[in-house]
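1. Return a 3D structure for these sequence lines:
(4 chains)
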Number of protein chains: 2
Amino acid sequence: MGIDGRKLKILQAIIHNYITNAEPVGSRTISKKYDLGVSPATIRNEMSDLEELGFLVQPHTSAGRVPSDRAYRLYVDSLVNKKRIKLVQKRQIKRSLVDGINELEELIQNSAKVLSKLTNYTSLAIAPQLIESRLKHIQLVPIDETKLLMVLVTNSGIVKNTVFNIEKEISNNQLSLISNFLTKKLKGHRIDELGIELKKNLTKEIFELRDVIKDVMPMINKSIDDLEEIDLYSDGVTNIFNFPEYNDITKAKSFLSFLENKENVIDMLLRNKNQDIEITIGKENCYEEIKNCSLITATYRFNGKTIGRVGVIGPTRMAYAKVIPVVKSIAVNLNDILEKHFDL
Amino acid sequence: MGIDGRKLKILQAIIHNYITNAEPVGSRTISKKYDLGVSPATIRNEMSDLEELGFLVQPHTSAGRVPSDRAYRLYVDSLVNKKRIKLVQKRQIKRSLVDGINELEELIQNSAKVLSKLTNYTSLAIAPQLIESRLKHIQLVPIDETKLLMVLVTNSGIVKNTVFNIEKEISNNQLSLISNFLTKKLKGHRIDELGIELKKNLTKEIFELRDVIKDVMPMINKSIDDLEEIDLYSDGVTNIFNFPEYNDITKAKSFLSFLENKENVIDMLLRNKNQDIEITIGKENCYEEIKNCSLITATYRFNGKTIGRVGVIGPTRMAYAKVIPVVKSIAVNLNDILEKHFDL
DNA sequence: TATTAGCACTCTTTAGTATTGAGTGCTAAT
DNA sequence: ATTAGCACTCAATACTAAAGAGTGCTAATA
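-> Numbers count the residues shown, from 1 in each chain, chains lettered A, B, ... in the order given. All right, here's what the predicted structure looks like:
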């Protein structure tokens, strides 16, 4: 028993109906609303087959049927090439994003905002990971006698601060010299290799700076470790309450608690990093708390390297056809903006 | 009809019982659990009086009674001086806070975390406001040909970055000169007056820098405006689901939506800034969405000036006696740490 | 005069029962 | 192969009765 054209049509009709109404779909509904030219009885037979094939699920005997994760998967895969996005939305995305063009983090945060606004789901975004980018400038700034601020600027325009303690005060002049020296030596190196690079270079030093640098270096090394923390943004978290599947308070709680756990969310987002667009449906998700959710994420890149991800999370009954193009478009726009405004 | 000793005792018993059980309290319960030496009938009469006085509310005729906002107010005011905190907690607070001692923002974020962990409510904290602090160091860092990063360090150790565009490239050397110059001129001035100060000083300039500074100045001015944005941290947001009063999904949604609106939350937190500790009960709150919540906030200061607030929000049926000392203690510890580690 | 036992009354909560209705699955006719 | 027809299932809804918690009042009591 294969899944012929008519079965597919019926399945799509059911999915469509369930996505919009969130209620089990019966044979009569399909027969009336979708022009398939067959009677409810025929549809019933087909539905029975579709259930046997694992595409439909019946909550109980006298209810209609609900698409399974597998059905959504089929639906999404059939959908994946038809990227249609409303012109209005396209413009809106473009316009909204350029607002925060100066600071990369603001840009990403903005993306999340736009994403949740356009889709009415919860959006997630992770800011570019330093680890893949290269150093452009390093600057040490005095805070007080015992504290120093280190500012790192990367090729992707990300700025990171770390404060660290020093044993004895260093004069402004010396700081400026060290900054220049470090920038010169470390420029163009990957952030995660700065430590190694620093060690390699340190032996053959300008004599006058040597002592000071020796004091500062371990601290710099330690600060660099701190930099690996990933920034996570979300928006429209309470949108989840708009969906009847979350009227159950324990489900809502479980969903929101999951989102509160930054580490898990980041891990979730970073799976299949290299895929351009990634759609995870229901049980395909690794975390128990979101096994009745779907996740649509897109990668944004810089110079061909994955630097971050944006996406949307919501019930498996998600408006895939509407959401996928929006997520894609956001990613495309991000890529554009990054290329144009954050040069290397 | 005043509120004599016995009435007060009964009222306190009711409040105590309601805070722990979240269910309307009847006369028999009080008589059994609290040793008042009177029969339920007497308690009933007193309760009737207390209701007339506006301290109790009856959900319906055959239910027990529930404390009103007014009752909580009386209770809290009678409580306000008895600050008892468990030694374990006191230590825990101290220990947890020193972890993130280097960066002020981390410190505040940490405070929120500790606060929600110890109280099991939702905690809120706003990071020090720049506006009241003074400049310590200003540094311009090149990002690319058209962009500059400005780093401000204030006396309270806060670091703020702003990126802005410039028309033509400025050499590293010049940047360093400008940075030094600006630091010298502006050091010690209030952040919100930097713009004015800049204008005042600009006319009598080192000749060689004059042109460049003229280019940069309007951008600096603009960036300073951006700095007024206040950082808000929260933690334990999903704790709200632990309270039966939020089993109603619409209530939970309304609460969470309110918290999602950063501006309103900040406004709420900054009312009565100068009060050391501020307790707002139920209808005393200005925002409709939290008129069945109580808010306990404390101010933390630096050199006698209010620079931020931390606090806890939850249902009016809040464990005031437990929460108040914890909030206080956090604030006290913050003050200590600020004084010790963020000198001026 | 203040307290309290006793009791009728109120009103929610819970359980039980009947009814309705949406939807299926099967059978027999087309 | 399709479909009309019909019996059957089961959740949802409405209704009713019973239980239980708590009050307020009255009359007795110390």
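
2. what residue is smack in the middle of chain A?
-> A:Val310 (2.9 Å; C-alpha atoms, centre = their mean).

3. pretty sure that residue is in a strand, no?
-> Yes. Judged by DSSP: H, G, I helix; E, B strand; the rest coil, A:Val310 forms part of a strand.

4. Quickly list what it is bridged to.
-> A:Val310 has these beta-bridge partners by DSSP bridges: A:Ala125, A:Ala298.

5. need the strands for the stretch 51-200 of chain A, in chain order.
-> Assigned by DSSP state E, counting those that start in this stretch, the stretch 51-200 of chain A shows strands spanning A:56-57, A:66-67, A:122-126, A:135-144, A:147-154, A:159-165.

6. doesn't A:Ile296 make contact with the residue nearest to the centre of chain A?
-> No. Under the criterion of C-beta atoms under 8 Å, A:Val310 makes no contact with A:Ile296, lying 9.6 Å away. The way it works is simple: take the backbone N, C-alpha and C, and place the C-beta from them, glycine included.

7. Common neighbours of the two, please.
-> Common neighbours of A:Val310 and A:Ile296 (criterion: C-beta atoms under 8 Å, 6 or more residues apart in numbering or on different chains): A:Val327.

8. Can you tell me how far the closest residue to DNA strand D within the stretch 1-150 of chain A is from DNA strand C?
-> Residue of the stretch 1-150 of chain A nearest DNA strand D, by C-beta to the nearest atom of the strand: A:Ser62 (2.8 Å). Counting by C-beta to the nearest atom of the strand, to the nearest Å, the gap from A:Ser62 to DNA strand C is 3 Å.

9. and what of A:Ile10?
-> Per C-beta to the nearest atom of the strand, A:Ile10 is found 11 Å from DNA strand C.

10. hang on, that residue is in a helix, isn't it?
-> Yes. Residue state for A:Ile10 (three-state DSSP) corresponds to a helix.

11. In contact with A:Gly308, which residues?
-> A:Gly308 makes contact with A:108, A:125-129, A:299-300, A:334, according to C-beta under 8 Å, 6+ apart.

12. Need the worst-confidence member of those residues.
-> Lowest pLDDT of the contacts of A:Gly308: A:Gln129, 71.

13. Now the element after the least confident helix or strand in chain A by mean pLDDT, going C-ward?
-> Lowest by mean pLDDT, DSSP states H and E among the helices and strands of chain A is helix A:207-226, with a mean of 71. Going down the chain from helix A:207-226, the next helix or strand is strand A:232-235, by DSSP states H and E.

14. C-alpha coordinates for that next one, CSV please?
-> Provided in CSV are the C-alpha atoms of strand A:232-235 (Å, rounded to 0.1, in the frame of the first residue of the first chain):
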residue,chain,number,x,y,z
LEU,A,232,21.1,34.2,23.4
TYR,A,233,18.1,36.4,22.6
SER,A,234,14.5,35.5,22.5
ASP,A,235,11.3,37.4,21.8
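
15. What strands line up against that strand, and which way round?
-> Here, using DSSP bridges, strand A:232-235 pairs with strand A:122-126 (antiparallel).

16. so how far is the partner strand from its chain's centroid?
-> 5 Å (C-alpha atoms, centre = their mean, to the nearest Å).

17. who's in contact with the helix or strand hosting A:Leu269?
-> Following DSSP H and E, one finds A:Leu269 within helix A:262-270. With C-beta under 8 Å, 6+ apart as the contact definition, helix A:262-270 has outside contacts at A:124, A:126, A:230, A:232, A:234, A:258-259, A:285-287, A:290, A:295, A:297, A:309, A:311.

18. Let me see the contact set for the residue nearest to A:Gly314 when sequence neighbours are not counted.
-> Nearest residue to A:Gly314, sequence neighbours excluded (C-beta to C-beta, 6 or more residues apart in numbering or on different chains): A:Tyr121, at 3.9 Å. Going by C-beta under 8 Å, 6+ apart, A:Tyr121 touches A:236, A:239, A:312-314, A:318, A:323.

19. Please narrow the residues you listed to those residing in strands.
-> A:312-314 (DSSP state E).

20. just for chain A, where's the confidence low?
-> A:1, A:100-102, A:130-131, A:157, A:201-209, A:223, A:225-227, A:342-344 (pLDDT under 70).
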